[in-house]
Structure formats: C-alpha cells, structure tokens
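Chemist: Could you work out the structure for the sequence below:
(one chain, ligands or ions: 3)
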Amino acid sequence: MCGILGIVGNTDVAAQLYDGLTVLQHRGQDAAGIATADGGKLRVHKGNGLASDVFDEDAMQLLQGRFGIAHCRYPTAGSEGSDEAQPFYVNSPYGIALAHNGNLINTDKLRREVFEQDLRNVNTESDSEVLLNVFAHELSLQKALTPDAVFKAIEGVNRRCIGGYAVVISVLGLGLVAFRDPHGIRPLVLGKRAGKNGATDEYAVASESVALDLLGFERVRDVGPGECIVVTARGELFSQQTAPAQVHTPCIFEYVYFARPDSMMDNISVHKARMRMGQKLGEKILRLMPDHDIDTVIPIPDTSRDAALEIANVLGVKYREGFIKNRYVGRTFIMPGQGQRAKSVRRKLNPIPLEFRNRVVLLVDDSIVRGTTSQQIVQMARDAGARKVYLASAAPPVRFPNVYGIDMPSAEELVAHDRSEEEVQKLLGCDWLIYQDLADLEEAVSGPKQRMEHFDSSCFNGEYVTGIEEGYFDRIKQLRSDEAKKTRRAS
Ligand SMILES: O=P(O)(O)OC[C@H]1O[C@H](OP(=O)(O)OP(=O)(O)O)[C@H](O)[C@@H]1O
Ligand SMILES: NC(=O)CC[C@H](N)C(=O)O
Ligand SMILES: [Mg+2]
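Modeler: Ligands and ions are numbered 1, 2, ... in the order given. Predicted coordinates for the structure are as follows:
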C-alpha cells in the first residue's frame with residue numbers, strides 16, 4: 001500500500017523522515033527511500049528492505065537538507081527490484097523527487113505519451129516513474145517556478161493520470177508539493193508544528209496521522225480529493241483545488257486492514273471503525289445463531305484484534321489471545337509471492353493449546369483475501385484440540401481485483417471469487433463461516449456521525465469509480481498474477 005511522508009522544517013529533516021518511515025512500515029516492507037533537498041542539490045538514498053535495512057549512519061549523513069520526502073514500498077506495478085524503489089528523481093526542468101502511494105490504471109498510454117510527445121525517458125516499469133515524468137513535463141510548460149505554476153502542472157497531472165494516487169514531491173528551488181487523486185482514494189493528512197523561538201511553522205504530510213503524532217506535528221486536516229498543497233522551503237503554505245470536485249471515495253480497505261489503528265484517516269478513527277465492525281458482526285452472529293455455542297473468541301493477530309474484542313463483548317463470551325505472533329515476521333498479505341506468504345503464516349503465528357482444547361472457538365480475522373492465513377489457522381486450531389472452529393471475517397468476501405494501490409490483480413487468486421460462502425467455508429475447512437455485510441462495513445467506517453457517504457469498496461462490489469478500460473483486467477493479470485511474478489523472478 002506504500003507509505004509516504006514529506007516534511008518542510010527549520011533544521012535537517014532526514015532523521016525525522018526516517019523515524020516517520022518506521023511507523024509507516026506496515027504499509028510497505030519491500031523497499032524504502034528518502035530524498036532531501038540541500039541548497040542546490042537533491043540527495044536520494046533508497047534500496048530494498050525495511051527502513052532499518054536500507055539506512056545506516058553513512059546514508060543518513062548524506063541526506064542533508066531542510067525539506068524532503070520518504071517512501072516505503074509495497075509494489076503494485078513493475079518489479080520488486082531496487083531500481084523501482086522510491087523516491088524517483090529527474091533533473092529537468094528542475095531537480096524533482098517523487099514518492100507515490102497508489103496505482104495508475106492508464107500507465108501504458110501515459111508511458112507512450114511521455115516518450116513520444118513529452119520526449120522524456122522512463123527507465124523502469126514503475127507507474128510512479130511515469131507519474132513523475134508527467135508532472136515534470138507539465139511543470140516544464142510553465143514559465144516560472146511558483147506555487148501557481150505547480151498548481152497548473154498538477155491540473156495537467158490530474159487530467160492525464162487515472163487511478164489512485166497520493167503523492168509527495170520535492171522540487172529544488174521551491175519546496176514540498178503534495179496532492180491526492182480527484183476521488184481521494186488514497187489517504188494523505190497535513191500536520192503543522194510551531195517553529196521554535198519565533199521561527200516559521202514547520203509542515204508535514206503523511207499517509208497516516210501516526211507519523212505526525214510521532215514527530216510532534218499537530219494534525220491539521222486531510223488533504224482533500226483533487227487538492228494540491230505547496231509548502232515553500234521558507235515555510236509558506238499554499239493550497240488549491242486542481243481537479244474538479246468529484247465524489248470522495250476513500251479506500252475502505254485502509255480501515256479494514258492497511259492503516260494502523262492509532263491513525264485518523266479522513267477524520268475517522270481507524271480504531272473506532274474496527275470496533276464498530278466488530279459490533280456489527282457480533283450482532284449479525286447473534287441474529288443468525290441466537291443460541292450459539294461459542295466458548296471463546298480468538299483474534300488472528302494483529303489487525304483483527306479491535307473487531308474480535310467487540311464481537312466477544314456483543315456475544316458475552318471470553319476473548320482470548322490464542323495465537324502468539326512472532327514479532328520478527330512482517331505482514332504476510334503484503335509479501336510479494338504466494339510461496340513466501342504461505343510459509344510465513346506458520347512462522348508468524350503459533351497457538352496456545354490450552355485456549356483451544358475441547359472448546360468451540362470463533363476465530364476472527366479482519367479480512368479473508370486469498371485465504372492463505374485462514375486455511376492454515378483453522379487447521380492449527382483443530383490440531384490444538386478445538387471441538388469446533390468457526391471463522392468470522394470483519395470484511396465481506398473479497399471477490400474482485402483492486403487496481404488503486406492494493407496488489408490484488410487477479411480475481412482467480414481470491415478465495416471468494418466465483419465461490420459461494422458455503423464453498424469458501426468448505427475450502428477453508430471451518431465448521432461455520434460468517435462474513436460482514438458490505439452495508440454494515442460501510443456504516444461501521446462512516447460511524448454515527450456519518451463522516452463519509454461513499455467509499456471505494458471495489459474489491460467487495462466490483463464497482464470502480466474511475467471506470468476501467470476494456471481488457472485492463474486481462475492485462476494486469478498477465479503482468480502481475482502470482483504465476484507471472486514467479487516466472488519473472490525466475491528469469
Ligand atoms: O486471506 P489472506 O490472503 O491470508 O489475507 C488476509 C490476511 O492477511 C492480513 O494479515 P497480515 O499477516 O498481512 O497482517 P496483520 O499482522 O496486520 O494481521 C490480514 O490481516 C488477514 O489476516
Ligand atoms: N502500493 C503502492 O502504493 C504502490 C506504488 C507504486 N504503484 C509502486 O508499485 O511502487
Ligand atoms: Mg492478519
């Protein structure tokens with residue numbers, strides 16, 4: 001899902017960008033990078049791995065400058081290679097570095113345009129490098145380097161680029177640029193920190209507010225859909241709507257799985273949204289099984305905990321941590337290959353048998369996507385002595401590909417695609433399977449104050465807010481299915 005962060009400060013920002021990456025790490029484990037602007041020079045350091053693998057003291061020393069951007073990557077386009085780590089950089093019309101969360105769905109067309117019309121070279125298969133070159137070209141059409149010129153350039157980006165995108169850019173000689181796609185599918189939040197001893201205020205933008213909390217920035221507001229913000233190196237903030245107003249449809253899967261519970265996203269607490277998911281699902285369980293025989297509710301750590309606890313409360317049964325998570329194994333869903341994902345579930349989770357022996361357990365996960373986790377977990381619960389194993393998913397069945405920044409390119413890899421709930425239950429091997437209804441999920445996220453009317457729920461309902469060109473799904477399947485990735489890696 002990728003984490004992005006940009007800071008304009010009164011002192012060097014590299015150490016803060018690094019710290020920020022450590023709390024956005026759950027959004028992308030494959031690569032990390034930082035770019036800072038130091039007078040007339042852009043400094044970039046990036047590579048494969050976690051932030052802690054990529055940066056050492058020498059790298060940090062190089063990254064001087066009072067404004068900069070950072071990225072952690074979960075690939076949705078191109079390869080997992082280090083040349084596709086972000087930020088990407090170009091040196092014309094100015095030194096520009098870009099970090100992108102999301103996925104463009106018209107990359108092929110843009111790539112051709114960038115090469116044939118804009119006369120620019122794109123070196124990798126990454127959609128983000130294409131996006132950078134579109135921006136660079138649009139900026140080159142402007143006469144000056146001012147916030148207004150940047151807004152005009154982003155108007156061009158909004159016009160040409162289709163898909164989900166939240167972006168931070170460093171422009172040498174100007175400052176930080178941040179913007180969000182016209183539907184606000186991907187998240188981006190703005191923070192401010194009062195300058196010390198009369199210095200100007202400092203600003204940060206991040207995928208999640210948790211990065212602002214850590215760095216002592218106050219959460220000001222979310223960047224709006226189709227809005228662009230420019231913070232100059234001197235700390236002046238400008239903002240403008242660069243795309244006509246569209247229906248705001250933030251990605252609902254952020255609340256289900258991606259974001260940290262301690263983040264606020266589009267003014268909604270992720271933690272509260274997950275608790276409400278648990279309440280709704282608990283009520284559905286009671287409706288369908290009023291005389292249930294559940295002894296214990298057990299979460300599948302980490303992400304399902306908030307929902308599982310609320311289900312236990314609604315059902316009035318015990319909540320128990322029956323699986324212990326190995327803290328040194330990362331998130332499995334965002335790993336690039338199925339082999340690695342499958343192996344990691346067992347390495348990551350181990351049962352405490354006494355919480356299972358002779359009990360009827362309700363295992364709760366936030367979502368069931370490929371079924372990698374739940375299939376193994378159900379078996380582990382049985383091996384640990386459970387009398388019956390029920391499984392609840394705080395999200396509805398995932399049946400359709402995601403094309404806006406989650407790497408689910410191929411419907412056939414989704415366990416619920418073209419299967420009834422009974423068929424999925426059989427495949428996962430549990431005694432009963434229950435899914436959240438989509439209307440309940442959307443209500444749970446929106447909350448009692450109904451903060452959001454619409455969502456991008458495409459992986460649940462197959463409705464794509466940008467429209468999808470004929471043949472697109474076949475193309476991404478050919479390029480990005482697990483099989484295709486395996487063949488590419490082997491070659
Ligand atoms: O059906 P699947 O394809 O297995 O995908 C869904 C699972 O993957 C995620 O867990 P993950 O291990 O990535 O992270 P977590 O520790 O935050 O729960 C998610 O929370 C589900 O447990
Ligand atoms: N998950 C994401 O946000 C991915 C960003 C970009 N499409 C990449 O593959 O690097
Ligand atoms: Mg999980």
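
Chemist: residue of this protein with the smallest distance to ligand 2?
Modeler: The nearest approach of the chain to ligand 2 comes at residue 2, 3.1 Å away (CB to the nearest ligand atom). All C-beta atoms are positioned from the backbone trio N, CA, C, and that covers glycine.

Chemist: Show me the helices in the stretch 301-450 of the chain, by range?
Modeler: When secondary structure is read from DSSP state H, counting those that start in this stretch, the stretch 301-450 of the chain shows helices at 305-315, 338-348, 372-383, 421-428, 438-446.

Chemist: close to ligand 1, is the third one?
Modeler: Yes: Helix 372-383 reaches ligand 1 (CB under 6 Å from any ligand atom) through 372, 373, 374.

Chemist: Now that helix: buried residues?
Modeler: Buried positions in helix 372-383, judged by neighbour count with 16 or more other CB atoms under 10 Å: 372, 373, 374, 375, 376, 377, 378, 380, 381, 382.

Chemist: other SSEs contacting that helix?
Modeler: Counting contacts by 3 or more CB pairs under 8 Å, 6 or more residues apart in numbering; DSSP states H and E, helix 372-383 packs against helix 338-348, strand 349-351, strand 360-365, strand 388-393, helix 421-428.

Chemist: Against which helices or strands is the shortest one packed?
Modeler: Put plainly, it is strand 349-351. Strand 349-351 sits against strand 323-325, helix 372-383, with contacts defined as 3+ CB pairs under 8 Å, 6+ apart.

Chemist: With distance to residue 137 as new columns, can those be given to me in CSV?
Modeler: Listed next are those as CSV, based on distance: least, CB to CB, whole Å:
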stretch, distance to residue 137
strand 323-325, 46
helix 372-383, 41
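
Chemist: Take those and lay them out in TSV including distance to residue 474 and mean pLDDT.
Modeler: Below are the helices and strands packed on strand 349-351 laid out as TSV (distance: least, CB to CB, whole Å; pLDDT from 0 to 100):
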stretch	distance to residue 474	mean pLDDT
strand 323-325	38	97
helix 372-383	24	96
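
Chemist: Looking at those, spot the one closest to residue 455.
Modeler: Nearest to residue 455 among the helices and strands packed on strand 349-351 is helix 372-383 (23.6 Å), distances taken as CB to CB.

Chemist: Show residues contacting the closest one.
Modeler: 298, 300, 322-323, 332-333, 338, 341-342, 345-346, 349-351, 356, 361, 363, 365, 368, 389, 391, 393, 427-430 (CB atoms under 8 Å, 6 or more residues apart in numbering).

Chemist: And the buried ones among the residues you listed, selectable in ChimeraX?
Modeler: To isolate the buried members of those in ChimeraX, using 16+ other CB under 10 Å:
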select :298,300,322,323,332,333,338,341,342,345,349,351,356,361,363,365,368,389,391,393,428,429,430
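
Chemist: Give me the subset of the contacts of helix 372-383 that also touch ligand 1.
Modeler: Okay, of the contacts of helix 372-383 touching ligand 1 (CB under 6 Å from any ligand atom), that's 300, 332, 333, 365, 368.

Chemist: what's the most distant pair in the residues you listed?
Modeler: Between any two of those, the greatest separation by CB to CB is 12.8 Å, found for 332 and 368.

Chemist: Look at the closest residue in space to residue 67 that isn't next to it in sequence and say how many residues are nearby.
Modeler: Distances taken as CB to CB, 6 or more residues apart in numbering put residue 8 closest to residue 67, at 4.3 Å, once the chain neighbours are dropped. Neighbour count for residue 8, taken as other CB atoms under 10 Å: 26.

Chemist: so who does residue 8 touch?
Modeler: Counting by CB under 8 Å, 6+ apart, residue 8 makes contact with 66, 67, 175, 176, 202, 203, 204, 231, 232, 233, 235.

Chemist: contacting residues around residue 223?
Modeler: With contact set as CB under 8 Å, 6+ apart, residue 223 has these partners: 166, 178, 179, 180, 188, 189, 190, 205, 229.

Chemist: need these in CSV with distance to ligand 2, pLDDT and neighbour count, can you?
Modeler: Shown next, in CSV, are the contacts of residue 223 (distance: CB to the nearest ligand atom, whole Å; pLDDT from 0 to 100; neighbours: other CB atoms under 10 Å):
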residue, distance to ligand 2, pLDDT, neighbour count
166, 8, 98, 25
178, 15, 98, 28
179, 15, 98, 30
180, 13, 98, 31
188, 12, 98, 28
189, 16, 98, 27
190, 19, 98, 25
205, 15, 98, 30
229, 19, 98, 25
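
Chemist: re earlier: mean pLDDT lowest where, among the helices and strands packed on helix 372-383?
Modeler: Comparing mean pLDDT across these, the weakest is helix 338-348, with a mean of 89.

Chemist: helices or strands up against that one?
Modeler: Judged by 3+ CB pairs under 8 Å, 6+ apart, helix 338-348 is in contact with helix 372-383.

Chemist: and the angle from the helix it packs on to helix 338-348?
Modeler: Counting by axes from the mean of the first three to the mean of the last three CA atoms, to 10 degrees, helix 372-383 points 40 degrees away from the direction of helix 338-348.

Chemist: what angle do helix 372-383 and helix 421-428 make?
Modeler: Taking the same axes, to 10 degrees, one finds helix 372-383 and helix 421-428 inclined to each other by 70 degrees.

Chemist: buried residues in the worst-scoring helix or strand of the chain on mean pLDDT?
Modeler: Within the chain, no helix or strand scores below helix 482-490, which has a mean of 82 by mean pLDDT, DSSP states H and E. Within helix 482-490, the residues that count as buried by 16+ other CB under 10 Å are 482, 485.

Chemist: Also compute the angle for it relative to helix 338-348, please.
Modeler: Helix 482-490 runs at 100 degrees relative to helix 338-348, counting by the same axes, to 10 degrees.

Chemist: Excluding its own residues, what touches helix 482-490? List them.
Modeler: By CB under 8 Å, 6+ apart, helix 482-490 touches 79, 336, 337, 338, 339, 410, 413, 477, 478.

Chemist: What about the residues you listed, which one has the most neighbours?
Modeler: residue 410 (20 neighbours).

Chemist: Check the residue in the stretch 51-200 of the chain that ligand 1 sits nearest to and give its pLDDT.
Modeler: Here the stretch 51-200 of the chain gets closest to ligand 1 at one residue, residue 74, 10.4 Å apart by CB to the nearest ligand atom. The model reports residue 74 with a pLDDT of 95.
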